[in-house]
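Got a sequence here, can you build the structure:
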Amino acid sequence: MDDGTSADETVRDRGVEQARRRDDKDQLREFAARFETPDDLYLDGNSLGPISDSAEQRLDEAVEQWREFGIKGWSSAEPPWFWYGERLGEQLAPLLGASPEECVATGTTTTNIHTLIGTFLDKLDDRTGILVNELDFPTDHYAIRAQLRQRGLDPDENLHLVESRDGRTIETEDVVAAMDEHEVGIVFMPSVLYRSGQLFDIETITREAHERDIYAGFDLAHSVGVVSHQLATHDVDFAVWCSYKYLNGGPGAVGGLYVNERHFGTTPALAGWWGHEKETQFDMDLEFTPAESAGAWQISAVPLFSSAPLLGALELHHEAGIDAIREKSVDLTSYLISLVDEELSAYGCEVGTPRDPDRRGGHVAIEHPDAYRISQALRDRGAVVDFRQPDVIRVCPSPLYVGFEEVWEFSQLTADIIEDDIYQSYDADPSGVT
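Residues are numbered from 1 along each chain as shown. Reported below is the predicted structural model:
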């Protein structure tokens, strides 16, 4: 009997029911209630994660401890402000597969690139070349070129780029080949490409670099908190990351760095009082003695109110477990890719992210000639994504607060926006923050 339900409505009902069944089996589904998102579909955690109840609580506690202790907070607060960066490092270490001493929360991604690239450049004898890739996030290149110039080295001669074969990804074998082609002393790669979401083979790149007496460093900005790392096991020399994406530490959150323990005792290129050996820091010796830990690469005191939310956010990560987070992330991105294939490919959308889950991070790049206009239409309708040149919509189903039904709703909304030409009313020229 005809009940007035169209075939399209039946298909949509079946789709949402399937998504809800997957949500019912999700072991992490309860975590979403502990986050506050400003929109119905917050799919931009690869740019900025939302606030959680524990992050807000830790920030409130920091303010109250300032009120209660004043200057005594450096030793009497919990954790003591004097050791705050190291305490955060202890909490970050399990996510990175590192010892607590090898991790510290400090600075920002860019300042940490400056200090670590500078440090390892100073350790080189004659091979001053640095290997990067042409799909990197720009700040990595800005910082590296600046460090080369400060040492009287021409960046155009000493900064070598691995080229992409397809404009989306970088092949591991091409990275290795470039190590042989150029005289390099440092390889510095991202763990995940910011545009396409490709996950790099850190283990292989590090092993191949060390076989050639090359230092291996990584920018983990787009993987920490959503991909399980084994930095110590893979013998990575150094790494940097930010804390406001998958770690949900808040806008401008303190960054972090990792230094392999075999490099402890090295004088940082950008030394500061806060990186001095803690036990004698207040002796005020004018000769710098580096801390026997990654803490030596701290330049200044940790910014407390940009660090406290991270402490709370990390509590949720440990409660959930990084392996469970990664497993759900892979399931969500696989589901999203299948929806692009089944629902959105007919509207000109294409997946620009590797389909092999072992080769992708936590977001999916959806390519479309009108990606910018579509992304703006999505935002105006409560689906927060972002746009990257030239034609990429980045969609991030972050595992702690996004479920399968939200991913399904995103696909349906995107289809409606394109099918009904809603995006056509938007300016095609990207400007400002995208």
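
all contacts plus neighbour counts: C-alpha atoms, from now on.
OK.

low-confidence ranges in the stretch 1-150 of the chain?
1-11 (pLDDT under 70).

mind listing the strands for it?
35-36, 41-42, 51-52, 103-105, 129-133 (DSSP state E, counting those that start in this stretch).

Same question for the stretch 251-400 of the chain.
256-259, 350-351, 364-367, 383-384, 386-388, 392-395.

Return the distance of the helix or strand containing Gln412 from the chain's centre.
Per DSSP states H and E: Gln412 is located in helix 404-419. Computed by CA atoms, centre = their mean, to the nearest Å, the chain-centroid distance of helix 404-419 equals 25 Å.

Name the residues that touch it?
Outside of helix 404-419, the residues within contact range by CA atoms under 8 Å, 6 or more residues apart in numbering are 15-16, 19-20, 22-23, 41, 332, 335-336, 339-340, 343-344, 347, 374, 377-378, 383, 397, 422-423.

Next, the buried residues of it.
Using 16 or more other CA atoms under 10 Å as the test for burial, helix 404-419 gives 404-415, 417-418.

Output those residues as JSON lines; include the columns distance to His263 and pLDDT.
Listed next are these as JSON lines, based on distance: CA to CA, whole Å; pLDDT from 0 to 100:
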{"residue": "Phe404", "distance to His263": "44", "pLDDT": "98"}
{"residue": "Glu405", "distance to His263": "47", "pLDDT": "98"}
{"residue": "Glu406", "distance to His263": "45", "pLDDT": "98"}
{"residue": "Val407", "distance to His263": "44", "pLDDT": "98"}
{"residue": "Trp408", "distance to His263": "47", "pLDDT": "98"}
{"residue": "Glu409", "distance to His263": "49", "pLDDT": "98"}
{"residue": "Phe410", "distance to His263": "46", "pLDDT": "98"}
{"residue": "Ser411", "distance to His263": "48", "pLDDT": "98"}
{"residue": "Gln412", "distance to His263": "51", "pLDDT": "98"}
{"residue": "Leu413", "distance to His263": "51", "pLDDT": "98"}
{"residue": "Thr414", "distance to His263": "49", "pLDDT": "99"}
{"residue": "Ala415", "distance to His263": "52", "pLDDT": "98"}
{"residue": "Ile417", "distance to His263": "53", "pLDDT": "98"}
{"residue": "Ile418", "distance to His263": "53", "pLDDT": "98"}
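
just those residues now: which is nearest Pro369?
Of all those, Pro369 sits closest to Ile418, with 11.5 Å by CA to CA.

Taking the contacts of helix 404-419, please make a ChimeraX selection of just the buried ones.
With 16+ other CA under 10 Å as the criterion, this ChimeraX line picks the buried residues out of the contacts of helix 404-419:
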select :15,16,19,20,23,41,332,335,336,339,340,343,344,374,377,378,383,397,423
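
For the spatially closest residue to Trp81 that is not a sequence neighbour, list the residues it contacts.
Distances taken as CA to CA, 6 or more residues apart in numbering put Trp74 closest to Trp81, at 4.4 Å, once the chain neighbours are dropped. Going by CA under 8 Å, 6+ apart, Trp74 touches Pro80, Trp81, Phe82.

what's the spacing between the spatially closest residue to Ile117 that is not a sequence neighbour and Gly129?
Using CA to CA, 6+ apart and skipping residues adjacent in sequence, the residue nearest Ile117 is Ile144, 6.7 Å away. To Gly129, Ile144 is 11 Å away according to CA to CA, to the nearest Å.

I'd like the strands of the stretch 1-150 of the chain laid out as CSV, including distance to Thr267.
Below are these laid out as CSV (distance: least, CA to CA, whole Å):
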stretch, distance to Thr267
strand 35-36, 41
strand 41-42, 43
strand 51-52, 37
strand 103-105, 16
strand 129-133, 20
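
most tightly surrounded among the ones you listed?
strand 103-105 (a mean of 31; mean count of other CA atoms under 10 Å).

what's the domain layout of this protein?
Structural domains assigned to the chain are 7-36+321-425, 56-318, following automatic domain parsing.
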